[in-house]
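Enquirer: predicted model follows, preceded by the sequence.
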Amino acid sequence: MREYLLEGIKKIGLEYTEEKVDNLIKYLNLLVEYNSHTNLTAIRDEKGIIEKHFLDSLLLQNLIKEGTEKAIDIGTGAGFPGMVLAIFNPEIEFTLMDSIGKKTKFLQLVKEELNLENVNVVTSRAEDYITDENRESYDLGLCRGVSKLSTILEYILPFLKIDGEFLSQKMEGTGEEQEATNALNILKGRIENIYDLNLPYCNDPRVVIRIKKYESNEKKYPRRVGIPLKRPL
């Protein structure tokens, strides 16, 4: 599996170290073993996990702005893209958040087994986790989710500093950026770029939307738990 992963990293055009590749393989082994008794991902074959989780996450690597110090991944699940990018970017402090305890328990195990000092695992929802202390404190927001962009924006943008960026991952173009115009206006976000990418082996399409925050948000955002999902801006 190491050669398959390594070739995929090369196809994407990323710089890497042997230690980073070793850590991804350790992560893969932990995930496969843990997934055998606790459902973390529906993809169970190793090549599928490597391409559709690890390499998919690494499509963001060359899009991360130089000087990024703090990143937050909301709804990280089994660690995608946050844990993979934390392995590749030890100089960036990552907060990996999920509301499902079995997933954060696994992420804590990965953190400990790989000695990742740049990872902070949080079991919470974005609406509950945000405080005056961590509001507008992150340079980079991440979310590889199925929720509508207008909903995800309300979770992410309040955590970002002014000039911070959100790299939103979608499996394919859905036109959601048009539906999210109102949310972008209210939350002071602006679409900077839309990247059409492909996975390196199966060539499946992926879309990454780069969104920049240009002003502070009103403190009433995000609204209380469940409201952003039920009533998107």
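Expert: Sure, I can see it.
Enquirer: need the strands for the protein, in chain order.
Expert: 70-74, 93-98, 119-123, 138-143, 160-170, 189-198, 205-213 (DSSP state E).
Enquirer: so which of those comes closest to E176?
Expert: strand 160-170 (7.2 Å; Cβ to Cβ). C-beta here means a position set from N, CA and C on the backbone, and glycine is covered the same way.
Enquirer: go through the closest one and flag the buried ones.
Expert: Buried residues in strand 160-170, defined by neighbour count with 16 or more other Cβ atoms under 10 Å: 160-161, 164-170.
Enquirer: could you work out the most separated pair of the residues you listed?
Expert: Most distant of the buried residues of strand 160-170, by Cβ to Cβ, are K161 and K170, 23.8 Å apart.
Enquirer: and the gap between M83 and A126?
Expert: 18 Å (Cβ to Cβ, to the nearest Å).
Enquirer: who has more neighbours, those two?
Expert: M83 (30 against 22; other Cβ atoms under 10 Å).
Enquirer: what bits of this structure have low per-residue confidence?
Expert: Counting by pLDDT under 70, the ranges of the chain that qualify are 146, 172-174.
Enquirer: try 80
Expert: The chain contains residues with pLDDT under 80 at 145-146, 171-175.
Enquirer: where is the longest helix in it?
Expert: Secondary structure of the chain per DSSP state H: the longest helix is helix 18-35.
Enquirer: give me the contact list for it.
Expert: Here helix 18-35 makes contact (Cβ atoms under 8 Å, 6 or more residues apart in numbering) with 1-2, 5-6, 9, 40-41, 44, 46, 49-50, 54, 78-79, 83-84, 87-88, 106, 109-110, 113-114.
Enquirer: against R2, how distant is N62?
Expert: 22 Å.
Enquirer: would you format the strands of the chain as TSV with distance to R231 included?
Expert: Output for these, formatted as TSV (distance: least, Cβ to Cβ, whole Å):
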stretch	distance to R231
strand 70-74	19
strand 93-98	22
strand 119-123	25
strand 138-143	19
strand 160-170	20
strand 189-198	18
strand 205-213	21
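Enquirer: no further queries at this time; thank you.
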